[in-house]
Each structure stands twice: as structure tokens, then as C-alpha cells.
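# Sequence plus predicted model, see below.
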Amino acid sequence: MNARLLSGRRQRGSAAVEMAIVAPVVLLLLIGLIEFSILFYTTMTMQYAVREGARYGITGRSDLDPASANQQRYLAVIQAMKNNSMGLYDTVAPVISVNGTTYASATAYSANMFGSAGEIVVLRVDCTWKLSTPIVAQFFPNGEYKFSVAATMQNEYF
């Protein structure tokens, strides 16, 4: 009977010690899973936004331009991308390339950047996502996840 009592006393608190050893590893894996899920969500959302912007752009319309007078097609395409990006467009610091020409800032955009009727348009957006978890960020240069999304379509005859 004394052997059983001693055995029970020796194991008291072992669950707390095991939890203290395992909990940091489990939390680290959970945080990494959440961060990578956010990266995947951001990539897929921006891919959708660029595809919708390209689909809008090939129609030649400009009614989405926020300016009510002198509406521009390129501003309307960018607005279509913003509308479909779930608020991530400005967060990812986008750099737009159309048919291989990079437009690094809004001042570089031009009225004919999406081409004319019948032309093939390749709309590419290079994005930078700043990682929020230092544990995951150490695996990426400068703690940033850089990715590109693109869509290729032919302009309609407008």
C-alpha cells in the first residue's frame, strides 16, 4: 500500500510540467498557421481584384472613376481593383505593370496604358505584405512577403 501512495505522489504535477514543455511549441505552430493563412488570403484576394479590374478594363468603360467630370479609363480600372480587394489594395503597396511597362506611382499613369480595342492587355500588380509576427517574419527578407498577381485579357471592340 505504501508503494502505491509513493507512486501517486511522484506523478503529481507531471501534467503541468508536460503542458509547460508542449504549450510554446503548439502556440508557435498556431501563430505560424494563422500568419500563413493571412498571406494566402491576401494573395487570393488580390488575384481576384486584379482579374476583376482587367475584366472591367477590357470593356473600355470609365464610369467607376471617382471624378465626376473628365472620367479616365485607367482611374476607373484602378477603382475597380480597389472595390474588389476587400480593403487590401492600399495595404499591399501595389506597383502596376501593363504590357510590361511599370507604373510606379499614380502620377505615372497614362490615359492609354490599357491599350485600344482588340489589343491584348497584361495587367500585373506587384504587392508587398508586411508580416506582423516576428517569428514568421524572420524567414522572409526584411520581414515582407512579396508576390505578384496578373491577368491577361483582350480588349473588346469599344
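Thanks, I have it.

# what sits against residue 92?
Residue 92 sits next to 42, 46, 127-129 when contact means Cβ atoms under 8 Å, 6 or more residues apart in numbering. Yep, even glycine has a C-beta here, placed from its N, CA and C like the rest.

# Could you rerun that using 6 Å?
By Cβ atoms under 6 Å, 6 or more residues apart in numbering, the residues touching residue 92 are 127, 129.

# Which pLDDT value belongs to it?
Note on residue 92: pLDDT of 95.

# so it, which of the three states?
With DSSP: H, G, I helix; E, B strand; the rest coil as the basis, the three-state label of residue 92 is coil.

# One more: residue 30?
Taken by three-state DSSP, the conformation at residue 30 corresponds to helix.

# neighbours around it, how many?
As a burial measure, residue 30 scores 10 neighbours (other Cβ atoms under 10 Å).

# if I look at it, how far off is residue 153?
Noted for residue 30: a distance of 40 Å to residue 153, by Cβ to Cβ, to the nearest Å.

# cool, and residue 83?
Note on residue 83: its distance to residue 153, by Cβ to Cβ, is 18 Å.

# quick one: residue 58 from residue 156, how far?
5 Å.

# do the same with residue 121
Using Cβ to Cβ, one obtains 11 Å as the distance from residue 121 to residue 156.

# ditto for residue 80
Distance, residue 80 to residue 156, using Cβ to Cβ: 15 Å.

# try residue 132
As defined by Cβ to Cβ, residue 132 lies at a distance of 41 Å from residue 156.

# coming back round to it: can you pick out the residue with more neighbours from residue 121 and residue 156?
For residue 121 versus residue 156, the count of surrounding residues by other Cβ under 10 Å is larger for residue 121: 19 against 12.

# What segments of this structure are strands?
Under the criterion DSSP state E, the chain contains strands at 95-98, 101-103, 120-130, 144-154.

# The third one: partners in the sheet, and parallel or antiparallel?
Each strand pairing with strand 120-130, determined using DSSP bridges, is listed with its direction: strand 95-98 (antiparallel), strand 144-154 (antiparallel).
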